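Enquirer: Predicted model follows, preceded by the sequence.
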Amino acid sequence: MIPHILESGVIASAAVTVLKTPLVAPGLQMTILSCMAMDETSAIATAIEIGIIHGTRLIPIDATPGNFPAGTSHTLFWPCILVPGQGMYAKFTTPSAGDQLRIVAHGYIDPWGCVL
């Protein structure tokens, strides 16, 4: 097992924004132990959704309504397994223009666990 983090950030427009992590590399498998999404600048009063990227599909795991004050995360604390080509995403419903959005998934890579 190799500890690993998938992370991404973006400056938002005033529209629904989907933020995606890098994808798991070929031949690897990653166990995600937790995943958090936050708006570091302003409150998200509507909702934050977190899920798995699979090709062009966004597969939701959890969507929680706000209010999330600035710098307060929506966090998943249950594990999921990502195979090659998959990643995590967070969908922010109506952030403010110029907000700094962030997603961070913590876990570990198992280079011998992937059978695909």
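Expert: Thanks, I have it.

Enquirer: which residues touch residue 73?
Expert: 36-38 (C-beta atoms under 8 Å, 6 or more residues apart in numbering). Using the backbone N, CA and C atoms, a C-beta is placed for each residue, glycine as well.

Enquirer: quick one: low-confidence parts of this structure?
Expert: Applying pLDDT under 70 to the chain picks out residues 112-116.

Enquirer: Tell me which residues touch the residue nearest the centre of the chain, please.
Expert: For the chain, residue 89 is the residue whose C-alpha lies nearest the centre (C-alpha atoms, centre = their mean; 3.7 Å). By C-beta under 8 Å, 6+ apart, residue 89 lies in contact with 18-21, 50-53, 58, 103.

Enquirer: Please produce CSV containing these, extended by secondary structure.
Expert: Shown next, in CSV, are those (DSSP: H, G, I helix; E, B strand; the rest coil):
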residue, secondary structure
18, strand
19, strand
20, strand
21, coil
50, strand
51, strand
52, strand
53, strand
58, strand
103, strand
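
Enquirer: Select only the buried ones of these in PyMOL?
Expert: In PyMOL, this line selects whichever of the contacts of residue 89 come out buried by 16 or more other C-beta atoms under 10 Å:
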select buried, resi 19+20+21+50+51+52+53+103
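
Enquirer: Name the helix or strand for residue 62, please.
Expert: Using DSSP states H and E, residue 62 falls within strand 57-65.

Enquirer: Can you list the neighbours in contact with that strand?
Expert: 18, 46-53, 74, 76, 80, 89, 91.

Enquirer: State the pair within the residues you listed that is farthest apart.
Expert: 46 and 80 (24.2 Å; C-beta to C-beta).

Enquirer: who's more crowded, these two?
Expert: residue 80 (19 against 14; other C-beta atoms under 10 Å).

Enquirer: Tell me who's in contact with that one.
Expert: 31-32, 52, 61.

Enquirer: So it versus residue 19, what's the distance?
Expert: Here the criterion is C-beta to C-beta, to the nearest Å. By it, residue 80 lies 17 Å from residue 19.

Enquirer: circling back: is there a quick PyMOL command that grabs whichever of the contacts of residue 73 are buried?
Expert: Entered in PyMOL, the line below selects the buried ones among the contacts of residue 73, by 16+ other C-beta under 10 Å:
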select buried, resi 36+37+38
